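Trainee: Next input, structure requested:
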Amino acid sequence: VSTINGDRTVTITSTNAYYSLTLPGLTTKIASRTMSGGSTTIGVTVYAATMQVLTVTDITAGGVTALVADTLGIGVNPSQANPRKLLVLMSPSETIVPGEQTAGKTGVVGNITAGAAQDVVVYACDPYFNRIGTYNPQVAITTDNQFDLVPASGPGTVLTSGMRLFPAGVTFKASGSGRKVTVTATGYASSTGTGVTVVPDTAKIAHILMPGETNVPGSATGRTGTVADQTAGIAIPNPGVTVMAVDQFWNLVSTAAVTVDFTSNDIYAVKPAGAALTFTGSKVYTDAITFRTASAGVAPIADKWLKVTAAGLSSDTGTVVRVMPNTPAKLQVLLPGETALRGDPNTGKTGSPAVNMAGNVYQPVNVYVVDDLWNVVTTVNMNVDWTSVTDPYVAYGAAQTAMVNGAGNNSVTFKRGNQSNSVTAT
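Mentor: This next block holds a predicted model:
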């Protein structure tokens, strides 16, 4: 910069906002430069690869008449220096800003609904986010959640002329704030996109989690963990059973007001009722649900489940639960014609004893060690004796029965006829 008017203070500006001024040989940035003897040298670094016009302006203070500004047009090419960079944008909310050295983009991404596919644009750039058309790597796109949908890496993810638009390229399944997209390629600095907020879709499922499980938005089943065993007759304690109103990706919809109902393959189970069935978003049921029928014991047995339903929502059946018998409490005798009702809070059996003739063998007479709800306790091995208060002449196949795994049997021959007879195991 030179002038014939002596010492002047000048500055240089560019038509592009991304530039800096320095002194020769130095990196410290300056705002202006005072000429001595009518000339000076100012270092100008421009970062945007575009046609730029540099303007030198006289800003001398003290009432001196300013000199007429001068201009210089220059063409700026992308830098070939490393690192080569990738830039990922959420289109159309964001746009690339060549020369901007921090993020390389501008724009604000609004909330995204889970399941709504988003366009993604990837650029290959120099260190100052100028797109370089000869940089065309094959890229890999990932997110911070393994269940989101992203393009499969391959020939379809190779850039063309330094960029590629992936229409509907990313689908976020899991809701949350700060959700991010990352793009990588061999030989390039990776790029992680702006953190976005993914909001749940509308409530579509009444979701149930058994003790030991946690919710996993975006996954196939919406749950993970090992379900804890329960004990017959004891209400499920903390952490309890959780019921949630969720979208199709198992994201909690905290504003959804629902009224649910429970069913179970344990017909004797105690389940919540009344006002406890209505809530907003989610509810934890602690000490409110009790399985009564054990799923461990004498066949037939089956693990127990709970199913939750709600008007307007799809139902969900929880992971099966292994229900263990409670502590041994009594013996149960079943005569021919009688069937056990495991988990029944009343008599524990149904049916009528078969009619027999005096002197005929009556068998099998089964005996079980059971808890208070008539569930067989298979951990008990013991001997039981038999008596009858109705027939002192009764004969037994064995005077004593050895119980194995909580079960045994005998045969009985009643001698007295024309009356109701009974036997007792002790």
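Trainee: And Leu277, its phi and psi?
Mentor: Recorded main-chain torsions at Leu277 are phi -90, psi -10, according to degrees, to the nearest 10.
Trainee: One more: the one 10 residues further on?
Mentor: As for Asp287, its main-chain torsions (degrees, to the nearest 10) stand at phi 60, psi 30.
Trainee: and the gap between it and Val308?
Mentor: 18 Å (CB to CB, to the nearest Å). Glycine gets a C-beta too; all of them are placed from N, C-alpha and C.
Trainee: So between the two, which is more surrounded?
Mentor: Val308 (23 against 11; other CB atoms under 10 Å).
Trainee: which SS state does the more buried one fall under?
Mentor: strand (DSSP: H, G, I helix; E, B strand; the rest coil).
Trainee: ok, it touching Val258?
Mentor: No: under the contact definition of CB atoms under 8 Å, Val308 does not touch Val258, with a separation of 9.7 Å.
Trainee: so what sits against both of these two?
Mentor: With contacts taken as CB atoms under 8 Å, 6 or more residues apart in numbering, Val308 and Val258 have Ala206 as neighbours in common.
Trainee: Would you point out which residue is most central in this structure?
Mentor: Taking CA atoms, centre = their mean, the centroid of the chain lies closest to Val216, which sits 2.1 Å from it.
Trainee: so that one touches Arg223, yeah?
Mentor: Yes: Val216 lies in contact with Arg223 (CB under 8 Å); the separation is 6.0 Å.
Trainee: Give me the common contacts of the two.
Mentor: Common neighbours of Val216 and Arg223 (CB under 8 Å, 6+ apart) are Trp250.
Trainee: give the contact list for Ile132.
Mentor: Here Ile132 is in contact with 78, 84, 124-126, 162 (CB under 8 Å, 6+ apart).
Trainee: Run through the neighbouring helices and strands of the longest strand seen in the chain.
Mentor: Secondary structure of the chain read by DSSP state E shows that its longest strand is strand 361-370. Taking 3 or more CB pairs under 8 Å, 6 or more residues apart in numbering; DSSP states H and E as contact, the helices and strands that strand 361-370 lies on are strand 330-334, strand 400-403, strand 407-413.
Trainee: Ok, which of those strands comes nearest Pro24?
Mentor: strand 407-413 (99.0 Å; CB to CB).
Trainee: quick one: the closest one to strand 330-334, angle?
Mentor: 50 degrees (axes from the mean of the first three to the mean of the last three CA atoms, to 10 degrees).
Trainee: what mean pLDDT does strand 407-413 have?
Mentor: Averaged over strand 407-413, pLDDT sits at 96.
Trainee: in its sheet, what does the helix or strand immediately after that strand in the chain sit against?
Mentor: Later in the chain than strand 407-413, the nearest helix or strand by DSSP states H and E is strand 424-425. Counting by DSSP bridges, the strands paired with strand 424-425 are strand 382-387 (antiparallel).
Trainee: how distant is the strand it pairs with from the center of its chain?
Mentor: 55 Å (CA atoms, centre = their mean, to the nearest Å).
Trainee: Just give the closest residue to the residue nearest to the centre of the chain, not the sequence neighbours.
Mentor: Nearest non-adjacent residue to Val216, counting by CB to CB, 6 or more residues apart in numbering: Thr224, 5.0 Å away.
Trainee: Give the bridge partners for that neighbour, please.
Mentor: Thr214.
Trainee: Show me what stretch 153-164 is in contact with.
Mentor: Contacts of stretch 153-164 (CB under 8 Å, 6+ apart): 121-125, 131-141, 151, 166.
Trainee: What segments of the stretch 251-400 of the chain are helices?
Mentor: With DSSP state H, counting those that start in this stretch as the definition, the stretch 251-400 of the chain shows no helices.
Trainee: could you point out where it is predicted with low confidence?
Mentor: 296-301 (pLDDT under 70).
Trainee: hang on, the earlier thing: for the contacts of Ile132, which one is nearest Gly348?
Mentor: Ala124 (75.1 Å).
Trainee: How about the host helix or strand of that closest one, which residues are buried there?
Mentor: Element membership of Ala124, judged by DSSP H and E, is strand 118-125. Buried residues in strand 118-125, counted by 16 or more other CB atoms under 10 Å: 118, 120-125.
Trainee: Equivalent analysis for stretch 177-188, please.
Mentor: For stretch 177-188, a neighbour-count test (16+ other CB under 10 Å) marks 179, 181-185, 188 as buried.
Trainee: mind putting the residues you listed in CSV, secondary structure, distance to Lys415 and pLDDT included?
Mentor: As requested, the buried residues of stretch 177-188 are exported to CSV (DSSP: H, G, I helix; E, B strand; the rest coil; distance: CB to CB, whole Å; pLDDT from 0 to 100):
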residue, secondary structure, distance to Lys415, pLDDT
Arg179, strand, 82, 96
Val181, strand, 87, 97
Thr182, strand, 87, 97
Val183, strand, 91, 97
Thr184, strand, 90, 97
Ala185, coil, 94, 97
Tyr188, coil, 97, 96
